[in-house]
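Colleague: From the sequence below, what's the structure:
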Amino acid sequence: MKPNYKISDVKYDLKSGLAVAALSLPIAVAYSEMMGLPPESGIFTAVFSLICYFILGSSKDLIIGPDSATVALIAASIFAVGGLSGELNSQFIAVTTIVSALILFTGGFLRLGFISNFISKPILVGFLNGVAIILVIGQLKKLTGVEIVNSNSIIGLFEFLGNLSSIHYPTLITGAAALLIIQLLGLKSRRFPSQLLIILIAIICASVFNLNEFGIIFTPEIKSGIPMPVIPDFSLLAEYYDDIIIDASAIVLISYANTVLVGKSIARDRQTYDPDKEFFAMGFVNIVCGIFKGFPASGSSSRTLVNINSGAKTKFSMAFGAISMILVVLFFSKEFSLIPAAVFAAIIIDASFGIFKIKELKNIRDFSITEFRISVTCMIGVIAIGVLDGILIALVLSLLNIIRISSQPKEFELVYNPVSGSAEPLGTINENLIRNEIFIYRFEASILFFNSDFFRKKLTERISGKNDLKLIAIDANPVNYIDVTGANNLVEIISEMNKKDIRVFFFEADQRFEKKISEMLVRNKLDSGIFFTDIKSALEKSDRHNRD
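Modeller: Here you go, the predicted structure:
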């Protein structure tokens, strides 16, 4: 242990580690089942995620492990390439996982932590809601025994409804009972490892009542007690290059954004949380998981909350959690083959209920109908045309919405208040401060190629009725950046106004803005002495000029 580690913290970290392991283990096996992987793949993913994040992670609270969003992405990808099975499926996932790790490392070296800001909450909520629905549809086959081919889209639901006559009732009863027990235990306490308890109950029932005689499908036995590293077959890149690169990129985008969201919103040490460092931590997690034939991991809000609520003091709770799962694999691997697949389907469906954020969707609708539509579009896109295409549509819509907002930002007239010596928005209570010879203007955005014409149009409209106008004073404080198009437009406006004997002044401009515009004014043989620290000094200069 580290020299500064307190022995008194062991009992808290051990308790939290056991709680995290109890929640991680059944979910890891369930997600392995969902992707057609052996149960040890999910367990090793959970184990190495904790160990690797313990080494490089920037948060002592954040729990990394198998995640519904990344699992849904991979499952959808496998379906999209025509369905893979056996070793080919395992190799495809391992290569995709390692490629995602390389992309994460690249993001870390380039310090691209800011990209998480481009996944807006409406997109993330819509995506996760869509994923929740897809996860439920994907488990209907294991929960009921009904054959479903298109289990990764809404089509699977129609297949299920059309084949209700083929329900295998022993499987349905097993799965429904498991789901009911999980839900009832969850109502009592979300900190209680209900998933682990239902697995213990399933093992006992399978042994006592010989459930295999009823035609119920069981989980494959864990065959590999000790994980061994294997270099995946990278020749798959030649055949599935586009699929692997696109999938890996989508995994990085969604898993990184989700991890940072959990780290910033739930972890107790979010003030010192480092999004750039997380690229390396997650890259390390994925490359190790890929080598050990696992799959990509992501931050988990539920397991992070369990870790915090169980009293974890340090990152050693992650190490204790990993050790606990390794001990289970080494000494209780055969018991896993006694768990019906329907039980793991119930665990995933229960997790899906927790992912679906109807309240968040309502809050978004109340705040902005436009962002609500983006969120719903993302959700519908995920369940109708696929996870990747749904994300792409939502991102495009979100980008278009950003451009729309940025191209027509808020702008308004200001008036000078001699008492405070500052400019304030024009309203009914200060209309008496309007001066016909002066127009003070504020444009609340950077001036760029896509909004510079809007700036010119609104400014022209606002001064059109001022026949005695002598000065336009522009509050440049909100203009954090101006490009060549915007600067050219601004200089043209200054030149046009000067020809009408109207001076244009700027106040509270930053140094970059002032430098760029001044240089262009000099090149165009226009007065560059039009920048002032505040509105008061700008108006005093104007008054002196008018007297002269």
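
Colleague: Which element, helix or strand, includes the closest residue to Asp389 other than its chain neighbours?
Modeller: Spatial nearest neighbour of Asp389, excluding adjacent residues (CB to CB, 6 or more residues apart in numbering): Gly381 at 6.2 Å. For every residue, glycine as well, the C-beta is placed using N, CA and C. According to DSSP states H and E, Gly381 maps onto helix 369-385.

Colleague: quick one on the thing from earlier: so how many other residues sit close to the residue nearest to Asp389?
Modeller: 22 (other CB atoms under 10 Å).

Colleague: contacting residues around Ala487?
Modeller: 447, 516-517, 520 (CB atoms under 8 Å, 6 or more residues apart in numbering).

Colleague: List buried residues within those residues.
Modeller: 447, 516-517, 520 (16 or more other CB atoms under 10 Å).

Colleague: Spell out the residue ranges of the helices in the stretch 301-450 of the chain.
Modeller: 301-309, 316-331, 341-355, 358-367, 369-385, 387-407 (DSSP state H, counting those that start in this stretch).

Colleague: List the buried residues in the second one.
Modeller: Pointing back at helix 316-331 there. For helix 316-331, by 16+ other CB under 10 Å, it's 316-326, 328-329.

Colleague: before we move on, back to that, how near is the residue nearest to Asp389 to Pro227?
Modeller: Distance, Gly381 to Pro227, by CB to CB, to the nearest Å: 37 Å.

Colleague: Then Tyr5?
Modeller: Going from Tyr5 to Pro227 by CB to CB gives 26 Å.

Colleague: Have a look at these two and say which one is more surrounded.
Modeller: Ranked by neighbour count (other CB under 10 Å), Tyr5 and Pro227 place Pro227 first, with 19 against 14.

Colleague: which SSE is the more buried one in?
Modeller: For Pro227, there is no helix or strand it lies in under DSSP H and E.

Colleague: who are the neighbours in contact with it?
Modeller: Listed by CB under 8 Å, 6+ apart, the contact partners of Pro227 are 40, 44, 47-48, 292.

Colleague: Now do the same contact list for Gly529.
Modeller: With CB under 8 Å, 6+ apart as the criterion, no residue contacts Gly529.

Colleague: go again using 10 Å as the cut-off
Modeller: Applying CB atoms under 10 Å, 6 or more residues apart in numbering to Gly529 gives the contacts 505, 518, 521, 541.

Colleague: which phi and psi does it have?
Modeller: Per-residue torsions, Gly529: phi -90, psi 50 (degrees, to the nearest 10).

Colleague: what separates Glu360 from Lys293, distance-wise?
Modeller: Using CB to CB, one obtains 35 Å as the distance from Glu360 to Lys293.

Colleague: And those two? Which one has more around it.
Modeller: Taking neighbours as other CB under 10 Å, Glu360 and Lys293 compare with Lys293 leading, 24 against 17.

Colleague: mind checking which helix or strand that one is in?
Modeller: For Lys293, there is no helix or strand it lies in under DSSP H and E.

Colleague: do the same with Val29
Modeller: Val29 is located in helix 10-34, with elements delineated by DSSP H and E.

Colleague: circling back to that earlier point, from what I see, the residue nearest to Asp389 and Val387 are in contact.
Modeller: Yes: contact status for Gly381 versus Val387: in contact at 8.8 Å, counting by CB atoms under 10 Å.

Colleague: what is in contact with those two at once?
Modeller: Contact criterion CB under 10 Å, 6+ apart; residues shared by Gly381 and Val387: 127, 130.

Colleague: mind listing what's buried in stretch 301-314?
Modeller: By 16+ other CB under 10 Å, the buried positions in stretch 301-314 come out as 301-308, 310, 312-314.

Colleague: Give me the mean pLDDT for it.
Modeller: Per-region confidence: stretch 301-314 scores 82 on mean pLDDT.

Colleague: And stretch 505-516, by the same measure?
Modeller: For stretch 505-516, mean pLDDT rounds to 94.

Colleague: Could you identify the helix or strand that succeeds the longest helix anywhere in the chain?
Modeller: Determined from DSSP state H, the single longest helix within the chain is helix 236-265. Per DSSP H and E, the first helix or strand lying C-terminal to helix 236-265 is helix 275-291.

Colleague: so where's the stretch 251-400 of the chain uncertain?
Modeller: Applying pLDDT under 70 to the stretch 251-400 of the chain flags residues 265-267, 269-271, 388.

Colleague: rerun at 80
Modeller: Under the criterion pLDDT under 80, the flagged ranges of the stretch 251-400 of the chain are 257-258, 260-273, 301-302, 305-306, 309-310, 332-337, 351, 354-355, 385-395, 397-399.

Colleague: Break down the stretch 401-548 of the chain into its strands, ranges please.
Modeller: For the stretch 401-548 of the chain, strands defined by DSSP state E, counting those that start in this stretch occupy the ranges 411-417, 422-425, 438-443, 471-475, 503-507, 531-532.

Colleague: what's the neighbour count on the closest residue to Thr259 other than its chain neighbours?
Modeller: Nearest non-adjacent residue to Thr259, counting by CB to CB, 6+ apart: Gly299, 3.4 Å away. Neighbour count for Gly299, taken as other CB under 10 Å: 28.

Colleague: isn't Asn436 right up against Leu469?
Modeller: Yes: counting by CB under 10 Å, Asn436 touches Leu469, with 7.2 Å between them.

Colleague: Could you check which of these two has the larger neighbour count?
Modeller: Each of Asn436 and Leu469 has its neighbours counted (other CB under 10 Å); Leu469 has more, 19 against 11.

Colleague: which residues of the stretch 51-200 of the chain fall in strands?
Modeller: Counting by DSSP E, counting those that start in this stretch, the stretch 51-200 of the chain has these strands, from start to end: 64-65.

Colleague: Low-confidence regions, it specifically.
Modeller: Residue ranges of the stretch 51-200 of the chain with pLDDT under 80: 69, 73, 75-86, 113-121, 124, 128, 149-153, 186-196.

Colleague: Report how many residues lie close to Phe332.
Modeller: 11.

Colleague: Identify the residues contacting it.
Modeller: Counting by CB under 10 Å, 6+ apart, Phe332 has contacts 203, 222.

Colleague: And it, how far from Ser41?
Modeller: Distance from Phe332 to Ser41, counting by CB to CB: 17 Å.

Colleague: Ile405 and Leu124, how far apart?
Modeller: Distance of Ile405 to Leu124, computed by CB to CB: 19 Å.

Colleague: Looking at the two, which one has more neighbours?
Modeller: Legend: neighbour count by other CB under 10 Å for Ile405 and Leu124, higher for Leu124 (20 against 13).
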